[in-house]
Structure formats: C-alpha cells, structure tokens
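Enquirer: okay, predicted coordinates and the sequence, questions at the end:
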Amino acid sequence: MKCSQCRDYGASFTSLASSLNKGVFLILILQALCKPGEALDNGLGVSPPRGWRSWDAFLSSSSQAKQQAAVDALIDKSRKVDGVPTSLYELGYNRIGLDDGWQDCGKGVNGTFHTADGRPLVKNTTFPSLSQLNSYAKNKGVGSGWYLNTCDCCERGLLKPDWPPQMHGDVNAVVSLGFDGLKLDSCGPSQDLAEWAMLLNKTGKPVLLENCFDNASYPYTKSGFDDGVEAVEDDACPMNMFRSGGDMRADWPLMLRRLQTIVPWLRLSRPGCWAYLDMLEVGNPPGGTGEQPSFENIHSWRAHFGAWAITSSPLILSFDLTNKTKLDKVWDFITNREALAVNHAWAGEAGRLINTTYDRTGPTPVFARPCSTTVDTQKFQFLKDGKIQSFSISETNDNVTRCLSVPGCSSTNSDYHPTEGSLQLAVCENNKRSQQWNFTDNALTNIQSLADGGCMEIDGCSGSTVDTDYGCKPLPTGPLPCTGCCNMAWTFTSDGRIRSGMSGRNCLQVDEHDETTVIVGPCTGSQREYWKRNGLSIESALWKACIDNNVTSPLHPQYGPLELSPCGTSKCDGDDKKWIWNSTTGQLVSAVKGAMGESICAEVQQYFNHYSPLLSVSCADIENIPKSQKFNMDATKDRFSVDVRFNATQQRSPGMQLCIDIDYSALPSSDTQPGSRLISQVFSKKISPNGTTAILFINADTNINQQLSVNLTSILPQHVEDVNIRNVWEKLDLPKYSLQKHHGIYTTSPIPPQDSAFLIFRT
C-alpha cells in the first residue's frame, strides 16, 4: 500500500465519535496500510468498499440506462437519515458495478467475445458507450467497476489459459473505457490474480480488484500454506477483496451457510485485502430453487446486513435502487450510521465468531475446513479409550459431549458395506475411472459410468437425487417428455446444459447449498447448470471440478461420511467411536472393520472448495497412502489437520491446510435430519483501541424467540468493571451494565426468529 495514497474515512464514524478516538484510530489504519507490500499496491480498499452491483437486480439484462439510473439513485438526497437529507453516496455507497450481460457473445474468435488480438467485444445495443457511462459516473463522484472472466459466454476451453493477448486486451480496455474497479470471475481462461494485479499496476491507474471466489493467488503465508496460525507474508494478497464462499441468494439458511465461510478468513482480512461474503440480498425477494419466502422481511434482511457489517465484509447492494418501495423497506438499516461505522472500524481485527449453538439431537456431519485457532469447533481431544471428543460441549443445546463416529454401522461389523454411486464434484484427474463416462451425441443418451457400469439416473424418478446405483435401462422410443419413468435419459444441449428426458424442464446442476453434490432441478439458467465435456469426463463450467460417482476402486471403497454423535451411545459394541492414530503414517484408523475384514480410515474428500466432507474409506496400503488420509495432531493435541494442497491451477486455495470441523449446514429443520441445524451465533468485533466492542447476536431459528448470552470477560479488557451499552438497531442507550454483579455474563432480551440484536459495549 502506498502511504501517499492512504485515505481518510470521512463522516463514517461521526455517530461513534464519543466512543472512538478518531486520531488513534487513523494511526492504526495507517500503520496497517503503509507497511510495504501488505496488500495490492494501489491505495484502494482502505476500508471495506460499499456500493451497488447490477447482478441480483437485473441478472444479465442490465443496460447503460439502468447503470446510469443507479448512479443517480446513489447521489439522490430526497430521503432523510436521522432527520437530515442524506444520500447513499454520503454514507459511503460510492461505487456501481456492471456484472454479466455487457458482452457481444459469440462474435469473437472461437465463438468467444474477444477478437483475435484480445479486445473484448461489447454489446452496443444495450451499452452504446461504456466510456460515456463511466464519465457520467465519474462526473458525479461515483466509481464504476467492470466484470471479466465472465460466466455468461463462458470462454474457458475456448481461449488459452492466461493468454497474453486476452489479458492485455482486457486490462487496456479497463483503463481506456474509464473503469476504476474490476471483478474477476472464474469462468474465463485467465485466473492468476497475481498476474492480473501486476498488469493493472503497470498501467499506473488504481483499480479496485475483486477476486470472485474460484481464482488462484489467495492470501498465503511464508511457509507456502496457511495452518491457521502463521501470520501472512508481505505481498501475499494481490487483490483488494476476495470472496470467501459461493454465490449468495435470498434465502435464510443459505445466508447462514455463506456466513460460515468467512470465519477462517477473518484472521487474514485487513485493510487493502478484505474477505467478502458476496453481494447483499437485502431488498431482494426469493426467486431461486429452494429459497425461503420467509427471508423477505425486515428482520431477516437486517440480521443479514448486520452479519456482513460486523465481519468487515464489503457492503454491496444489489437490488433495483430506482424501486422506491424496496428502498423504503431497507432504508433504515442500510443507512444506520452506527452499523456502517462498525463495518469500517479497524482496531486490529476484522471480527470473529465467539459462540455457536446447534441442534444436536441427532448425528452431526463433520467436514474438513480451513484451520483457524479462533474456531472452537475444530478442537478435539483424543481420549484414552480411543474416542475423539469434540470440545464444543457449550455449543450444544443439550450439554452432551459428542465423539467422532463412523456412519451406518449396525450391531455386527459384517453389515458395514461400502456406499456407491452418489454423484459429486471432485478435482478433475486424468484416467480416474469414477470420472469417466460413456455417452453419445444423439438427441437422447444414457450417461454410463466406467467405474461401476451404472447410468446416471434420477433416483425414484422424482426428487433431486442423481446416482448410478441401478445399472442401465433402454432409452425411450416415444416422444419427449416421456410418459413413463425414463429417468436415465439425458440430452446434451448446445448451450452446455444436460437436460433430463423426464420433462425437459429439469437440468443436471451443482447443489447451491454445499457446492459439491450433483443434483437435478428446474432449468433456470444458473451458472451451476453448465457443463463442458473433456473426452470422457464432464467438467462443471462454474468450478474446475468433474462429476465423480464416488466409486474409486474395489480395493478402496467409501463407506459414507463421518459424523459426531453422543459419546455415551454406541454401535458395533462401541467400536464405531474408537480410533487409533498411526503417528508414522498419519492415518486415523477405526476399530470397525469392513465387510471383508478390511481396515477403515478417515479421509478428506478431494478438496476444491472451502470445505470437504470427511469420509470413512478403506485404508490405503502403506506404500500408497494419499495425502488425504495423512492427519497430523498439532502441539496442543486439540486439532487434527491434513495438508491436501493440490495444483494451484486446479484449486482456489491450494495452500490452505484443513482441520476436522463441525459441518455448518445451517439448514431449516424441515429440510434436514436432526443434528445439523444452526440455532444461534454470536459475532464480535473490537472497534477501538480502548476495547470498545460491537457484538451481533443472531437468532438463526425459524420458529422461536431466543435470549442469547455471552461471557463479556472473555471479550472485553480485563480491567473493565462496568460498560455502557448502545443498541445499534434501535439507536438508543441501554442502562450501564456491571460485569461484577452479573459475573461477566450478558443476556439479551428475547430476539424474534430470524432476527438479531446489534449492541456496542463501550469501555
């Protein structure tokens, strides 16, 4: 960060002036930013950016007129904040962003939107002049961002990876057209963010750079990978903001799940390099598959906004700002000066998760997730009797300890058979049989696995599950859609989708809830529905990952995902919870044996995203142990980690070490088995050097009011005896609170379902 370019924060902190020492605060900011090489060297992103992007408002149908209307909406002062006419621009929403829909698809080389010399082609019918659009924004003081590596008109596979003419042509266009921001998605061929950053810096024009989730060059550490402890190395973040998870939708459970993705990154999020949770869905009604109508209410939107604010995520609106009805609904909280000040405050941390409560009435799935010392759900203890016990007792609603267990085990070990045929995404591997498929280019085809001979089918001829468990059956001969159960019939469409022959309206797609499972659902045009055939493999156009039917070989079968279940219960005479850690090989070996007497080990499913299911599999031979079966216990013996680094061109985060963790599924109880439903969470953020701290209490339950508690002695400075409390949402002061009188425990008033309490504790 160039010290000469460090920016002041303006009026964002006015409402907290009584509790924040602005002079000291600015010094902390400057110290954080002006260390050489700390982040992308462009002087931007000093605080989490705010603004608006077109995607959720208009998808691919934005236009120059709509973008200019958004500029006018940002600077409009017809509404009031705290009784004073105020614009969104004056509150820091000072940028617009153009997402998909600007390209002249198919008019370039190889059917792309780039010419042979690398120039991007613009759809002039809807965008007559991007340079005039940017001049319009600039003249009103509003920044304007672009979108490249686009997912409409996906060019991956059509242009060479990191093709210099395309990268240089795009960078030249960014500058010549007058953009000062750039969002890079992962559907294009050029995904090395460090190279993009270098080319942009060479132009001499500061450009706010966003890494949209699946590109290389994420924050890394001196040793080459992040173990959750080591400090980041200088020059380790060639971007101003980076997506921590998949796309956000107007859906309460999905919002909670996306929120979990930022937790391991909060340690690395800092001025000039912010972890970003995706565009805000406030103001947007549900519209996608499985989305909840109940999300369209002020309480849910406000809790969503507060969660983004307290984790220092950029706050990017994405509804139609010209829709006065929508703007009226969200105005009070998106303009809340105190919430905005918390978002921009920097006192050495971006926020942290301090408490989580789950419904643990049934088995809870476990994942491998990026290691972090601040995540209590990654702490496990290896007991003398061979059990691996979770430390997260306080995070259950029944105070029952839980232990790592193999699944599906009955009273006899001989009943523990491998599972087969479930479809998922996995890192593409050459010659891996479970990723190889036979199909034809005919109008209708079976898609047959070379691993087990089964054909892709819609399980039971209904629902969303797709597997290969029941062999193959002939294709229908009559007209489509078929009248019977032609659940193994598929059509590869010219635009890259795979439609079911059952109705013609359902497409094969990646499940948006876990970004891993391959399902069938209504064809909506989502990026998750597009595929690319590479020889015998079928690759997702959204992820660099291939459809895998989960059958590796008869010598290395999979027995299903591991889980946490009450330590006092048992199956298989108690062997389901007994483990041996081989310190030489690193394998975690279960006391349970497979049907053929084979040993069963824990293994991390091949990692291509933020989290990976933890499976029980047949133990590999000692000469051929994959790194996904090699676990380490750290010095304090409270974490199990595995280094599953892959090739940087295949992974969004090749340097991230993973730890065994509890699955943050955050699904409503009606959609999932007991044991994985998020009930509540509490986040905190230190916002001043003297220890003043903001705390957000989220009632994640969809049915009941909750009073949530937190131990303030573990959050506030030790010398503090009394605190003044400010209610951010209600904009009022609460009575002074004595920590000594209440033994350090603060309990909220009842919080309605899908709502939050946002409080500032002033020391």
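Expert: Looks like it arrived, so ask away.
Enquirer: show me the strands in the stretch 51-200 of the chain, by range?
Expert: Ranges of strands within the stretch 51-200 of the chain are 80-81, 84-85, 95-97, 143-148, 181-184, based on DSSP state E, counting those that start in this stretch.
Enquirer: sheet-wise, list the partners of the second one with their directions.
Expert: Same thing as strand 84-85. strand 80-81 (antiparallel) (DSSP bridges).
Enquirer: please apply the same query to the longest one.
Expert: Partner strands and pairing direction for strand 143-148 (DSSP bridges) are strand 95-97 (parallel), strand 181-184 (parallel).
Enquirer: now the strands of the stretch 51-200 of the chain as TSV including mean neighbour count?
Expert: C-betas here are computed from N, CA, C, even on glycine. Formatted as TSV, the strands of the stretch 51-200 of the chain follow (neighbours: other Cβ atoms under 10 Å):
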stretch	mean neighbour count
strand 80-81	14
strand 84-85	10
strand 95-97	26
strand 143-148	24
strand 181-184	24
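Enquirer: reformat the ones you listed as CSV; add mean pLDDT and distance to residue 281.
Expert: As requested, these are exported to CSV (pLDDT from 0 to 100; distance: least, Cβ to Cβ, whole Å):
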stretch, mean pLDDT, distance to residue 281
strand 80-81, 97, 22
strand 84-85, 98, 27
strand 95-97, 98, 16
strand 143-148, 97, 18
strand 181-184, 96, 17
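Enquirer: any chance of the ones you listed in a markdown table, with distance to residue 564 too?
Expert: As requested, those are exported to a markdown table (distance: least, Cβ to Cβ, whole Å):
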| stretch | distance to residue 564 |
| --- | --- |
| strand 80-81 | 46 |
| strand 84-85 | 52 |
| strand 95-97 | 41 |
| strand 143-148 | 41 |
| strand 181-184 | 38 |
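Enquirer: among the strands paired with strand 143-148, which is nearest residue 730?
Expert: strand 95-97 (29.5 Å; Cβ to Cβ).
Enquirer: what's the offset of that closest one from the middle of its chain?
Expert: 22 Å (Cα atoms, centre = their mean, to the nearest Å).
Enquirer: hmm, who's touching it?
Expert: Strand 95-97 is contacted by residues 49-54, 67, 70-71, 74, 137, 142-147, 181, 183, 208, 316 when judged by Cβ atoms under 8 Å, 6 or more residues apart in numbering.
Enquirer: which pLDDT value belongs to the residue lying closest to residue 264 once chain neighbours are set aside?
Expert: With sequence-adjacent residues excluded and distances taken as Cβ to Cβ, 6 or more residues apart in numbering, residue 264 is closest to residue 370, at 3.8 Å. We have a pLDDT of 73 for residue 370.
Enquirer: what does residue 498 give?
Expert: Reported pLDDT for residue 498: 92.
Enquirer: I'd like to know how many residues surround the residue nearest to residue 264.
Expert: Here the number of neighbours of residue 370 (other Cβ atoms under 10 Å) works out to 26.
Enquirer: over to residue 740?
Expert: Other residues close to residue 740 by other Cβ under 10 Å number 9.
Enquirer: just to be sure, it is in a helix?
Expert: No: using DSSP: H, G, I helix; E, B strand; the rest coil, the assignment for residue 740 is coil, not a helix.
Enquirer: would you agree it is in contact with residue 721?
Expert: Yes: Residue 740 lies in contact with residue 721 (Cβ atoms under 8 Å); the separation is 5.8 Å.
Enquirer: where exactly do the helices run in the stretch 451-600 of the chain?
Expert: Assigned by DSSP state H, counting those that start in this stretch, the helices in the stretch 451-600 of the chain number zero.
Enquirer: can you list the low-confidence ranges for it?
Expert: Residues of the stretch 451-600 of the chain that meet the criterion pLDDT under 70 lie in 460-463, 470, 479-485, 503-504, 513-515, 550-559, 595-596.
Enquirer: then the stretch 651-763 of the chain?
Expert: 651-656, 663-676.
Enquirer: so where's the stretch 301-450 of the chain uncertain?
Expert: 359-362, 374-375, 392-399, 408-422.
Enquirer: any idea how far residue 101 is from the residue nearest to residue 126 when sequence neighbours are not counted?
Expert: Distances taken as Cβ to Cβ, 6+ apart put residue 63 closest to residue 126, at 4.3 Å, once the chain neighbours are dropped. Relative to residue 101, residue 63 is positioned 8 Å away (Cβ to Cβ, to the nearest Å).
Enquirer: so the two - more neighbours on which side?
Expert: Ranked by neighbour count (other Cβ under 10 Å), residue 63 and residue 101 place residue 101 first, with 22 against 19.
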